[in-house]
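>>> after the sequence you'll find the predicted model.
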2 protein chains.
Amino acid sequence: MISHAPSPIDLARLKEVLDGPWAEVREALRDQLDARFLPVYGENDERARERISGLLTDLPVEPGIASAFPAAYGGRSDVGASIVASEMLAQVDLSLMVKAGVQWGLFGGAVAALGTRRHHDAYLRDIISAKILGCFAMTETGHGSDVQQLRTTCTYDPQTQTFDLHTPYEAARKDYIGNAARDGRMAVVFAQLITGGRRHGVHAWLVPIRDAQGNPLPGVTIGDAGPKAGLLGVDNGRISFDHVRVPRDMLLDRYGQVAEDGTYSSPIANDSRRFFTMLGTLVRGRVSVGGAASAATKSALAIAVRYGDIRRQFTAPDADREVLLNDYLAHQRKLLPALATTYAFHFAQAELVTALSEMQSDDSPVDEHRQRELESRAAGLKAAQTWHATRTIQMCREACGGAGYLAENRLPGLKADTDVFTTFEGDNTVLLQLVAKGLLTGYRDEFGSLDGWGRASFVAEQVREMMLERTAARSLIQRLVSAVPGRDEEIAVTDRGWQLKMFEDREKHLLETAIRRLRGGAATKKDRPFDIFNDVQDHVLAVAAAHIDRVTLEAFVAGIESSADPAVRALLSRVCDLYALSVIEANKAWFLEHARLTPARSKAITAVVNGLLKELRPHMRTLVDGFAIPDAWLHCAILREEPGRQETMAAHDAAGDPQAVPV
Amino acid sequence: MISHAPSPIDLARLKEVLDGPWAEVREALRDQLDARFLPVYGENDERARERISGLLTDLPVEPGIASAFPAAYGGRSDVGASIVASEMLAQVDLSLMVKAGVQWGLFGGAVAALGTRRHHDAYLRDIISAKILGCFAMTETGHGSDVQQLRTTCTYDPQTQTFDLHTPYEAARKDYIGNAARDGRMAVVFAQLITGGRRHGVHAWLVPIRDAQGNPLPGVTIGDAGPKAGLLGVDNGRISFDHVRVPRDMLLDRYGQVAEDGTYSSPIANDSRRFFTMLGTLVRGRVSVGGAASAATKSALAIAVRYGDIRRQFTAPDADREVLLNDYLAHQRKLLPALATTYAFHFAQAELVTALSEMQSDDSPVDEHRQRELESRAAGLKAAQTWHATRTIQMCREACGGAGYLAENRLPGLKADTDVFTTFEGDNTVLLQLVAKGLLTGYRDEFGSLDGWGRASFVAEQVREMMLERTAARSLIQRLVSAVPGRDEEIAVTDRGWQLKMFEDREKHLLETAIRRLRGGAATKKDRPFDIFNDVQDHVLAVAAAHIDRVTLEAFVAGIESSADPAVRALLSRVCDLYALSVIEANKAWFLEHARLTPARSKAITAVVNGLLKELRPHMRTLVDGFAIPDAWLHCAILREEPGRQETMAAHDAAGDPQAVPV
């Protein structure tokens, strides 16, 4: 049997690295979010919505999701604190996190980012205090991913100096809107702005939708999206407008103004560019969802790992007790690579939050290049983290067997509530495509004149430089990569430089060949531009995935450096090996096809991974304890201290075992 | 844009192949199971349980899950009809399917299989008519996978000629038991039989647990497992026994008898062998769960494919309408391989049901060899189909975006209800291990004397022969494989013989190397027998997976032969290509590592798969229509005929589009 040496890791040091720059926000919320904020299992929709609405106003404002609001209105102008608060809330109750995210992130965030002084003065304080509850009415039944093509119209009438907000047909109604079915009094509504008979693309208005008694206002029809897979506490609904009059000054006019006479003006002339700039200001939502997904994943892993350390099944031939689940290689193969990947995403997310916070708190003019890169990284990490959450929470459910299917053990809720994260704040496949487009610079611009791809390898080099200059600890990583000798076969697969080189190499090669194939397609399919791109869509998505993998590994490498404790660094370094080799293992076929791995070396990787599992087995509990999730927050019956029961079980295993009946 | 040529397939011919030998059962249930049996969305547990209990007695007995009971008692002695009925019911309501499966499959099935004439005469009619509702009380809190180690005891007392049924401590209580929390009046209880101070291993008793008023009988404590992730209509509970007296004749004594004086006798001397023989008679449950998982997968795919054929998003540069989701390569890459795999499992399941039915209806003595092979196949296909269901239904949910998260669109229920299928009727990982053990003949027997592995390659050859002789259409498959010339590089990857050879080869090589590694471990780790096996557990599980893949492909190949219609055969043949190449693609790294694929050929496979997707795109709808799921059974709002809405949307897309506003 494997012996489990007591871990020499100082948990406080590990927690310190993981808690990162917003440690005090995390600690404050660990203290403040007590048992009454935890989910109630088996509730119906109505009761859940009522409870969550009530809790919303009890949530601490400071620190909290509202921390991102300007200090002048009661926030603390700290976008990092806001995102970290979302992460913490996600470990308490995901309905509450989403409800709060709709109110302070999406709704309030849109008023702050797209509105101007008069909107801020009039509404932000009441939004922060939740006196005004609001919706973020963007998605329509017919348009979710392609929001540039929303069908709701808002037409200016100079006679009355009002806009006419209208839902022309059912597919144009606002759908899946949080806070709509029950609580919202106002909504930020996205619609096509038309004035003087001309369209100017999508803009946003702040629109009252219910009166003080909670009844829909005239012309506003509100429906209920009905029961959902999860997030029962969130009142998602549908909103239609029948020629609703909206005063001119309710246009959130930071990026586009309409004068009394209907003259349109904007600091950004191009409709499409303006629209994407507006969307860009809302990037925080995507970062919060990615972080929340990882936070929920940590809860699930904490449950499964701790259960695997107490649950025994089947007797080993050389033991008198049954074997702990965590001692089985197959169980380690499920839990540990997922845990290593969760660590990797933790550091990638933390790096992203820091970068976003620096950019948004900086008073200097926004560097568009830097902003685009951050938006792309936010999109990619949102997709990667939410897919990882879906897969991992499912795996944890299965790893806990029948117990994992009972609501009282938390996993069903984590699974059902996070499921939609792969869809909202941007469908993951669409987001990956966005990432790829960012990498294939000029993809959009060159769409019409595909000859531009003639300079493909030049473009690819440019793109690569653009990507590489942006990542953390670049000099360290460059040093590690440069230290790798020419003949790969001689290097250990645990050499960090070699791992980094493999990740870089895969991304670069996929990108270059994607460009080459697009160029080839452009030459032969001139009359079928859709096919040019569609035929390589899988390749293009692979570019994005490889990019996110590389960014994540580099963030992990940089993250290890942020600890001064040698034992913590050593442990994280092994976890990083497991992450890197798991990704390489999952993409072995590609590396073999492209002669980056020999068959012998490829086989060796499986053996090294299994060796790492053995090495990390004694640290499994430490690794989940590092997340510092309060025991109460896990809210899980199978982990609840039941000394009587545990004792009885142990006593019986040892003495009262039926095996002891004389045979 | 891709043009969609109308499909030349005669749907009736496709349906005929898929409906197979129990077509009349399928058709009868398509007729009889009307709207009142469909799920109600948004129900709470209590209401769902009440409704499902009520519907249970309304279900047709003939054909139905009860069809497996002997004709003498009101069944039709048709195990195939029973399993097919489970599959059909799974497309109507999974709670109802499980509730009925517990009553007639597990509970009634155990009385039929483990009891003798007096039990049959006394109870089977009332069980079939659902006058007596019952539980299958096997699993305990502490023992789920390792049921041979159950802790409940049942001790014979010759004085009173009764058994004393007892739960010695909390971990020994019966847990997750369907029909326990609300409805069950009796239970088949599994416990350690003790008589004359000796243990004889696990046996089963038929035990009343509630009186006519529904109150627990003295000594019986019944708890509620509480809210679950899904299957809300099933009343799972916990049962403990405090020295409950059970009359001697309530022992289900087909495989073990206790005389009045306490003398134990059995036709099978070895406790362990007897136990596995008893379990073997219950194999139908596993086959039903596998089939139900695939049935639910078909419903999910029907929804996602049909939605992808009406849902449009993003405008292509060369089109005036937005692009259908199903026209995107990335969408095809999600749906079509999953659909092809579902077809493959359909044929594998159908072959298994036929084989099981033949074996059980045969009056000749059971061929143990054949029975073991069937049990192994049942275990493997249960694991494969239920994992495929979990992955595919999740993918379909995501493919339907936000709509997929709404209960009214069915997918949340399909997902939540089938989730536990990977766990119940045997944890999938444990089942794969069982399959592998079956292949590694002698694994168990040789456990003590590992020198036996010295003859490993001989054993492997034996095993291989054993496996190969059992599969369907063996001569056809042998012919196809034999026709493959020596130099693989010259054969098209769509050559069926080559595909079969690749599958066979992978299984055989994995098996032989697993045996070699076990032998090597036995030589070097003599003092650590647990490690000998645990260190190669991942390899052993890979053997099982490769075996199931091969069995499935062979069944698909045989299934194609069962159609006389050339167009149907041609279509199925392309689908089979996609299945085979998807499996090869997923295991490319292995084939490359073992020189079964060159890098160039490996890359070519990806291109061929993409070509197949293009070729099958126009048939997507046909392929899901072939399942012949009644429209009403899909019970899905986004597919409901809303001509008004569709028309309006189309009209607006064409004419009222805001794009038409002059710019």
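Yep, that arrived. Computed from a predicted model, the values in this text were never measured in an experiment.
>>> list the contacts for residue A:97?
A:86, A:89, A:90, A:292 (Cβ atoms under 8 Å, 6 or more residues apart in numbering or on different chains). C-beta here means a position set from N, CA and C on the backbone, and glycine is covered the same way.
>>> where does it land on pLDDT?
Per-residue pLDDT puts residue A:97 at 98.
>>> and the closest residue to residue A:357 other than its chain neighbours, how many neighbours?
With sequence-adjacent residues excluded and distances taken as Cβ to Cβ, 6 or more residues apart in numbering or on different chains, residue A:357 is closest to residue A:80, at 3.6 Å. Neighbour count for residue A:80, taken as other Cβ atoms under 10 Å in any protein chain shown: 24.
>>> list the contacts of residue A:80.
A:21, A:22, A:353, A:354, A:356, A:357 are the contacts of residue A:80 under Cβ under 8 Å, 6+ apart.
>>> now swap in residue A:477 and tell me
A:471, A:500, A:554, A:557, A:558.
>>> around chain B, pick out the residues from the stretch 201-350 of chain A.
A:225-230, A:313-319, A:322-323, A:327-330, A:333 (Cβ under 8 Å from any Cβ of the partner chain).
>>> and those, which of them are buried?
Buried members of these, counted by 16 or more other Cβ atoms under 10 Å in any protein chain shown: A:225-230, A:313-316, A:322-323, A:327-330, A:333.
>>> for residue A:382, which non-adjacent residue is closest in space?
Residue A:382's closest residue in space is residue A:290 (Cβ to Cβ, 6+ apart), at 4.0 Å.
>>> list the contacts of the one you found.
Residue A:290 touches A:349, A:352, A:378, A:381, A:382, A:384, A:385, A:386, counting by Cβ under 8 Å, 6+ apart.
>>> again, but for residue A:214
By Cβ under 8 Å, 6+ apart, the residues touching residue A:214 are residue A:185.
>>> per-residue confidence at it?
Model confidence at residue A:214, given as pLDDT, is 96.
>>> returning to what we had before: now the two most distant members of the contacts of residue A:290.
A:352 and A:386 (14.1 Å; Cβ to Cβ).
>>> quick one on the thing from earlier: just the ones of the contacts of residue A:80 in helices?
Judged by DSSP state H, helices contain the following of the contacts of residue A:80: A:353, A:354, A:356, A:357.
>>> circling back: chain B: which of the contacts of residue A:97 is nearest?
Nearest to chain B among the contacts of residue A:97 is residue A:292, at 16.0 Å by Cβ to the nearest Cβ.
>>> burial of residue A:39, as a residue count?
Neighbour tally, residue A:39, other Cβ under 10 Å: 22.
>>> chain neighbours aside, what residue packs nearest to it?
In space, residue A:39 is closest to residue A:93, 4.8 Å off (Cβ to Cβ, 6+ apart).
>>> neighbours around the one you found, how many?
Neighbours of residue A:93 using other Cβ under 10 Å come to 26.
>>> so what's it up against?
Residue A:93 touches A:37, A:38, A:39, A:52, A:55, A:233, counting by Cβ under 8 Å, 6+ apart.
>>> pull out the buried members of the residues you listed.
A:37, A:38, A:39, A:52, A:55, A:233.
>>> the last one and residue A:48 touch, don't they?
Yes: at 4.1 Å, residue A:233 counts as touching residue A:48 under the criterion of Cβ atoms under 8 Å.
>>> and the most centrally placed residue in chain A, helix, strand or coil?
Centroid-nearest residue in chain A: residue A:290, 1.0 Å away (criterion: Cα atoms, centre = their mean). Of the three states, residue A:290 takes helix under DSSP: H, G, I helix; E, B strand; the rest coil.
>>> for residue A:87, see how far away it is.
Distance, residue A:290 to residue A:87, by Cβ to Cβ, to the nearest Å: 9 Å.
>>> and what about the residue lying closest to residue A:95 once chain neighbours are set aside, helix, strand or coil?
Closest residue in space to residue A:95, ignoring its immediate chain neighbours: residue A:233 at 3.0 Å, by Cβ to Cβ, 6+ apart. Look at residue A:233: counting by three-state DSSP, its state is coil.
>>> and residue A:233, backbone torsions?
According to degrees, to the nearest 10, the main-chain angles of residue A:233 amount to phi -80, psi 0.
>>> tell me the contacts of it?
Counting by Cβ under 8 Å, 6+ apart, residue A:233 has contacts A:48, A:49, A:51, A:52, A:93, A:95, A:96, A:99.
>>> do residue A:70 as well
So residue A:70 contacts A:77, A:112, A:120, A:124 (Cβ under 8 Å, 6+ apart).
>>> give the residue spans of the stretch 251-400 of chain A that score low on pLDDT.
The model of the stretch 251-400 of chain A has pLDDT under 70 over residues A:362-364.
>>> returning to what we had before: list the ones among the buried ones among the contacts of residue A:93 that fall in helices.
A:52, A:55.
>>> between the buried ones among the contacts of residue A:93, which is closest to chain B?
residue A:39 (11.0 Å).
>>> distance of the closest one relative to residue A:292?
From residue A:39 to residue A:292 the distance is 14 Å (Cβ to Cβ).
>>> before we move on, what about residue A:559?
With Cβ to Cβ as the criterion, residue A:559 and residue A:292 are 20 Å apart.
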